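1. Fold the following and give me the result.
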Amino acid sequence: MRYEGDIYRPPGEWRSYLLQCTVGCSYNGCTYCGMYKNKQYHVRPLADILEDIDMAREHFTDFGSFPLGMPSVTRVFLCDGDAIAMDTDDLLTILRRLYEAFPRLERVTTYAGPISTLKKTPEELKALHAGGLGRVYLGVETGWDTVLQEAKDAGIPVVLVDRGVTADPSLYVTHIFADALKEGANAFNWVDEYMTAEGKTPRAGGEQFQVAILEGTVGSSVAADRLQGFTDAMAESPNSGKYNVICSQTGEYTRAKGMEVMESFLKSDGDKIDILFSCNGDMALGAIQAIEAAGLKPGEDIVIVSIDAAKGEFNAMIEGKMNCAVEHTPNFGETLMETAKKIVAGEEVPATIELEEGIFPADIAEQEMPNRTY
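-> From the prediction side, this is the model:
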């Protein structure tokens, strides 16, 4: 299997075979999404895609089963951000080859952009569904009052999930969210307690700890809130005078960019940085690579805290390379369905529903790892 650049997939596709059909996203302009900002969209040659399927069939036949105890391939996710934009006949060819190669295949899914989806005729969409494309994840960016008003006028209840909007709150029923401001504040508060409890002192001397920050994607409300939560908590802390932000730059939410930016931080201030706050886990994992390449010990020379608390961060903590992960849960589905059922049944629901999230320091990472679902 061959992949170009970082690969993204929905949390629910964690057990799927990932087949890259396109690189990047054909639209790539959504403010909430920074996944493909460093990729130029193009469709991979059909022959290469079919060859990858044949390679995957041989691989999983040789190994007898998927990792994680999954028998053969039962799910496939078509990457990257907008595989639905491909020529319909090519997609049907890919679907046929997949179902021929993997007899136990239950479903094929993909991301789909609204523009590229609307370019398909109803007949094409029906053909793709009949060919085995069972689910598409459609990302639609609109918080326009006009659109929300039309939904309300039509009697369609709107539930916001994760991201908020600046529209009139009367235009939607409720907002299910994880509090990104609180996540950022939790990250700083944990660092402050840790530095005090461990008796840490600044590496370069003096009385201030030097803090490096890997920011999230520019324009992302969640990224902005995480950063603001961290810096506000720092400013409001009785120990605020003990901390100084020495460098802060976006790592675009990717591991590669996180490593690149951390390399530049280390070149200019490598002997001074005491703490790294990363607005997501992937950037932190990239930064760890840069820190090790610079001859320093991540988690020891530089205290690292990130937001996400995914399995990659837990592995890094177990290895002693990271100190804490603050949770940003992707598990909205159960709460969304429960809320939707209540709305349909005519029950009242709160105007906002905040999901509970945890803080996981390294000393409980190994114990907590079996409970992680993402």
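
2. and the residue nearest to residue 264 when sequence neighbours are not counted, how many residues sit next to it?
-> Nearest non-adjacent residue to residue 264, counting by C-beta to C-beta, 6 or more residues apart in numbering: residue 249, 7.7 Å away. Quick note: C-beta positions are derived from backbone N, CA and C, even for glycine. Counted by other C-beta atoms under 10 Å, the residues lying close to residue 249 total 15.

3. three-state assignment of residue 249?
-> strand (DSSP: H, G, I helix; E, B strand; the rest coil).

4. Relative to residue 295, how far out is it?
-> Remark: distance between residue 249 and residue 295 (C-beta to C-beta, to the nearest Å) = 22 Å.

5. swap in residue 45?
-> 42 Å.

6. Check residue 8 too.
-> According to C-beta to C-beta, residue 8 stands 32 Å off from residue 295.

7. Neighbour count: these two, which is higher?
-> residue 8 (19 against 9).

8. residues contacting the more buried one?
-> 35-36, 79-81 (C-beta atoms under 8 Å, 6 or more residues apart in numbering).

9. Which one of those is nearest to residue 178?
-> residue 35 (18.2 Å; C-beta to C-beta).

10. count of neighbours near that closest one?
-> Applying other C-beta under 10 Å, we find 22 residues neighbouring residue 35.

11. Make TSV out of the contacts of residue 8 and add distance to residue 201, pLDDT and secondary structure.
-> Below are the contacts of residue 8 laid out as TSV (distance: C-beta to C-beta, whole Å; pLDDT from 0 to 100; DSSP: H, G, I helix; E, B strand; the rest coil):
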residue	distance to residue 201	pLDDT	secondary structure
35	39	79	coil
36	42	80	coil
79	46	92	strand
80	46	87	coil
81	46	83	coil
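
12. The residue nearest to residue 95 when sequence neighbours are not counted: neighbour count?
-> Nearest non-adjacent residue to residue 95, counting by C-beta to C-beta, 6+ apart: residue 131, 4.3 Å away. As a burial measure, residue 131 scores 18 neighbours (other C-beta under 10 Å).

13. close enough to count as contact, residue 131 and residue 96?
-> Yes. If you go by C-beta atoms under 8 Å, residue 131 and residue 96 touch, sitting 6.9 Å apart.

14. Point out where the stretch 51-200 of the chain drops to low pLDDT.
-> Scanning the stretch 51-200 of the chain for pLDDT under 70 picks out 61-71, 139-143.

15. Show me where it has its helices.
-> Here the stretch 51-200 of the chain has its helices, by DSSP state H, counting those that start in this stretch, at 88-101, 114-118, 122-130, 145-153, 180-197.

16. Deepest in the core, which of those is it.
-> Among the helices of the stretch 51-200 of the chain, helix 180-197 has the highest mean neighbour count (mean count of other C-beta atoms under 10 Å), at a mean of 20.

17. ok, residues contacting that one?
-> Identification of contacts with helix 180-197 by C-beta under 8 Å, 6+ apart yields 200, 209, 221-223, 225-234, 237, 239, 242-243, 274-275, 277, 279, 303, 305-307, 323-324, 326-328, 357, 359, 361.

18. Narrow these to just the buried residues.
-> 209, 221-223, 225-227, 229-231, 233-234, 237, 242-243, 274-275, 277, 279, 303, 305-307, 323-324, 326-328, 357, 359, 361 (16 or more other C-beta atoms under 10 Å).

19. So which of those residues sit within strands?
-> Using DSSP state E, the members of the buried ones among the contacts of helix 180-197 that fall within strands are 209, 243, 274-275, 277, 303, 305-307, 324, 326-327, 359, 361.

20. of these, closest to residue 166?
-> Nearest to residue 166 among those, with distances taken as C-beta to C-beta, is residue 307, at 23.1 Å.

21. and that closest one, what is it in contact with?
-> Residue 307 sits next to 183-184, 187, 226, 278-281, 325-328 when contact means C-beta under 8 Å, 6+ apart.

22. between the residues you listed, which is nearest residue 299?
-> The nearest member of the contacts of residue 307 to residue 299, counting by C-beta to C-beta, is residue 325 at 11.9 Å.

23. Tell me the predicted confidence for the closest one.
-> At residue 325, the predicted lDDT confidence score is 97.

24. Just list whatever residues bridge to it.
-> residue 306, residue 360 (DSSP bridges).

25. Contact partners for the residue nearest to residue 95?
-> 91-92, 95-96.

26. same thing but at 10 Å, please
-> The neighbourhood of residue 131, defined by C-beta atoms under 10 Å, 6 or more residues apart in numbering, consists of 88, 91-96, 98-99, 108.

27. same check, this time on residue 121
-> Neighbouring residues of residue 121 by C-beta under 10 Å, 6+ apart: 88, 127.

28. do you know how far it is from residue 127?
-> With C-beta to C-beta as the criterion, residue 121 and residue 127 are 9 Å apart.

29. cool, and residue 337?
-> Taking C-beta to C-beta, one finds residue 337 at 30 Å from residue 127.

30. Same question for residue 25.
-> Distance, residue 25 to residue 127, using C-beta to C-beta: 23 Å.

31. Pull up the gap between the residue nearest to residue 95 and residue 56, please.
-> Applying C-beta to C-beta, the value for residue 131 to residue 56 is 19 Å.

32. Would you agree residue 204 is in contact with residue 301?
-> No. Contact criterion C-beta atoms under 10 Å: residue 204 and residue 301 do not qualify, at 11.6 Å.

33. I'd like to know how many residues surround residue 373.
-> By other C-beta under 10 Å, neighbour count at residue 373 equals 10.

34. ok, now which ones touch it?
-> Contacts of residue 373 (C-beta under 10 Å, 6+ apart): 11, 14, 310-311, 329-331.
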